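S.K.: Okay, predicted coordinates and the sequence, questions at the end:
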Amino acid sequence: HVTALLIWDHLLACALLMQTLHAQRRERIPDTRLRMPYMTRHALIIDDDPDFRELISGLLSAHGFDCTQSEGLQDIACNPACLETDLILVDYELGDFTGDDVLGYLRERNVEAGIILMSACHNDDMQAMVARGKRSGLEMLGQLGKPFDIMHLASLLAELDKQRNPLSLDELDDALTERQLHLVYQPKIDLASGRLSGAEALVRWQHPLRGMVMPNQFIALAERSNRIEALTWQVIEHGFRQQGQWQSQGLHLDLALNLSPQLLRTRDMLKTLDALASQHHVDPHSITLELTESCGIDCLTYARHLLNAIRDRGYRLALDDFGTGFSSMMQLYNLPFDELKIDQCFVGRSDSHPEARAITRTIVELGQRLNLAVVGEGIETAEQRDYLCDTRCNIGQGYLFARPMPVSDFNAWSRCPPSAVNALSQRHVSAVH
């Protein structure tokens, strides 16, 4: 009876999906840049339930996919060629391994396929897993519950269609010319007191046709096309303008802005930085400029000269994503940083992996020995927060406290922070008494 029900569900699902596809094909698409040619695409289904694999395979076949099936991590580790695909659906519960193990392997292989996470877990847990994958650079399309909604699967596949149509240089130029970029802000919390100490500004692109475009979809294009300088200056200008407004309103926060290492090569960098600070009445002492550790910095001698000049003006300098790049210790030794940011891949596992706990503590202790402030980013659980507190990490940020948000939401959040922040204040009071 169970097999018969599965077959019936399979046939019904295929019929409904085919109706949806025919309806979509009858609709006229107004912009040809977003129209996808009809072609066979490839999908990899990773699930230890053969009946469910067959069901998903049938649905995807109706959508033009040629499907490969896999039972779990061992299959794909022994046959990594199967990862050369357009779409990967991975179940979170896979016997000896989990979806986290698979996602970790996909990160190691720099997989570019769109990824759908499947699970019967609670929706909040699923969203946290998807968010973790996105922050690590994977192209996470979303989550699919079990049992799943066929129309939701169709919407995820439509999202893949959008993302498989790469952004063009003309679109990026339009974004820079028409000011389609804006900033969202994620709070940074003093872990010793629970006080809001600052915010990190993160860029977003509100595309007129594609909707919200995340940085991992356009930063590489900007770097390849030498647009990263213009993009970075726009981000700094937006951030300075907002910081000037906050200061005029009596809200005194440290604002962290990402600084592309390529900007260090421009001849008039200091002059432009001075002009923007003067234009928006920004105190440089209230700004932290973050350099990504995983991006190489050419000519450390010249970079040190330039960064010292920036520090002399009052700006703070942070080494972002510490522990993930190829030259972290050399940069830390040669360049004048004030702050270390522990990469989220360590913080996000510090409550479940002993190795990640050890690395996190070691980085905190290294920062303390070098008289640097240490920031733990990617905090998602109370256990991760408490562990960072125990290590005496200075600052924390992550989804446990707040997601990046528009300035109006940030202002409201600052007036009424959540319980995850208030718990730090109570911890501080208890420690004092």
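M.R.: Noted; the coordinates are in hand. Residues are numbered from 1 along each chain as shown.
S.K.: where are the low-confidence patches of this structure?
M.R.: Scanning the chain for pLDDT under 70 picks out 1-40, 122, 162-164, 293-299, 324-328, 425, 427-433.
S.K.: Pull up the gap between the residue nearest to the spatial centre of the chain and residue 128, please.
M.R.: Nearest residue to the geometric centre of the chain (C-alpha atoms, centre = their mean): residue 135, 2.6 Å. Using C-beta to C-beta, to the nearest Å, we find residue 135 at a distance of 11 Å from residue 128. C-beta: built from backbone N, CA, C; applies to glycine.
S.K.: Now name the helix or strand holding residue 158.
M.R.: helix 150-164 (DSSP states H and E).
S.K.: nope, residue 359 is what I meant
M.R.: helix 354-369.
S.K.: Give me the distance from that helix to the chain's centre.
M.R.: 22 Å (C-alpha atoms, centre = their mean, to the nearest Å).
S.K.: Tell me which residues are up against stretch 391-399.
M.R.: Stretch 391-399 is contacted by residues 128, 131, 186-192, 197-198, 200, 342, 344, 347, 360-361, 364-365, 368, 373-380, 384-385, 388 when judged by C-beta atoms under 8 Å, 6 or more residues apart in numbering.
S.K.: and the residues you listed, which of them are in strands?
M.R.: 186-190, 197-198, 200, 342, 373-377 (DSSP state E).
S.K.: With distance to residue 259 added, can I get the residues you listed in JSON lines?
M.R.: What follows is the ones in strands among the contacts of stretch 391-399, written out as JSON lines (distance: C-beta to C-beta, whole Å):
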{"residue": "186", "distance to residue 259": "17"}
{"residue": "187", "distance to residue 259": "20"}
{"residue": "188", "distance to residue 259": "17"}
{"residue": "189", "distance to residue 259": "23"}
{"residue": "190", "distance to residue 259": "23"}
{"residue": "197", "distance to residue 259": "20"}
{"residue": "198", "distance to residue 259": "16"}
{"residue": "200", "distance to residue 259": "12"}
{"residue": "342", "distance to residue 259": "19"}
{"residue": "373", "distance to residue 259": "17"}
{"residue": "374", "distance to residue 259": "19"}
{"residue": "375", "distance to residue 259": "15"}
{"residue": "376", "distance to residue 259": "20"}
{"residue": "377", "distance to residue 259": "16"}
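S.K.: quick one: which of these is most hemmed in?
M.R.: residue 376 (31 neighbours; other C-beta atoms under 10 Å).
S.K.: beta partners of that residue?
M.R.: Assessed by DSSP bridges, residue 376 has beta-bridge partners residue 342, residue 396.
S.K.: who's in contact with it?
M.R.: 191, 341-342, 347, 360, 364, 384, 388, 393, 395-398.
S.K.: Mind doing that once more with 7 Å?
M.R.: Listed by C-beta atoms under 7 Å, 6 or more residues apart in numbering, the contact partners of residue 376 are 342, 347, 388, 393, 396.
S.K.: Greatest separation within the residues you listed: which pair is it?
M.R.: Greatest spacing in the contacts of residue 376, by C-beta to C-beta: 342 and 396 (9.8 Å).
S.K.: Now do stretch 155-165: everything it contacts.
M.R.: Residues outside stretch 155-165 that contact it (C-beta under 7 Å, 6+ apart): 34, 36, 63, 86-87, 114, 116, 139, 141-142, 144, 210.
S.K.: cool, and stretch 72-91?
M.R.: Applying C-beta under 7 Å, 6+ apart, the external contacts of stretch 72-91 come out as 41-48, 56, 65, 68, 70, 94-95, 97, 99, 101-102, 105, 109, 111, 113-119, 160, 164.
S.K.: In helices only, show me these.
M.R.: 56, 99, 101-102, 105, 160, 164 (DSSP state H).
S.K.: Mind checking which of these are buried?
M.R.: Using 16 or more other C-beta atoms under 10 Å as the burial test, the ones in helices among the contacts of stretch 72-91 include 56, 99, 101-102, 105, 160 as buried.
S.K.: would you list those residues in JSON lines and tack on distance to residue 217?
M.R.: Below are those laid out as JSON lines (distance: C-beta to C-beta, whole Å):
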{"residue": "56", "distance to residue 217": "26"}
{"residue": "99", "distance to residue 217": "23"}
{"residue": "101", "distance to residue 217": "26"}
{"residue": "102", "distance to residue 217": "22"}
{"residue": "105", "distance to residue 217": "22"}
{"residue": "160", "distance to residue 217": "13"}
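S.K.: Farthest-apart pair in these, please.
M.R.: Greatest spacing in these, by C-beta to C-beta: 101 and 160 (23.3 Å).
S.K.: roughly how far apart are the closest residue to residue 189 other than its chain neighbours and residue 350?
M.R.: Nearest non-adjacent residue to residue 189, counting by C-beta to C-beta, 6 or more residues apart in numbering: residue 396, 5.1 Å away. To residue 350, residue 396 is 11 Å away according to C-beta to C-beta.
S.K.: tell me how far stretch 377-387 is from the chain's mean position?
M.R.: 17 Å.
S.K.: Now do the contacts for the nearest residue to the residue nearest to the centre of the chain once chain neighbours are set aside.
M.R.: Sequence neighbours aside, residue 344 is the residue nearest to residue 135 in space, at 5.9 Å (criterion: C-beta to C-beta, 6+ apart). Applying C-beta under 7 Å, 6+ apart to residue 344 gives the contacts 135, 377-378.
S.K.: Go again with 8 Å.
M.R.: 132, 135-136, 377-378, 398.
S.K.: got it, and residue 97?
M.R.: Going by C-beta under 8 Å, 6+ apart, residue 97 touches 72-74.
S.K.: 6 Å instead, please
M.R.: Shown here is residue 97, whose contacts under the criterion C-beta atoms under 6 Å, 6 or more residues apart in numbering are 72-73.
S.K.: Specify the beta-bridge partners of it.
M.R.: In beta-bridge terms (that is, DSSP bridges), residue 97 pairs with residue 94.
S.K.: Then residue 257?
M.R.: Assigned bridge partners for residue 257, using DSSP bridges, are residue 289.
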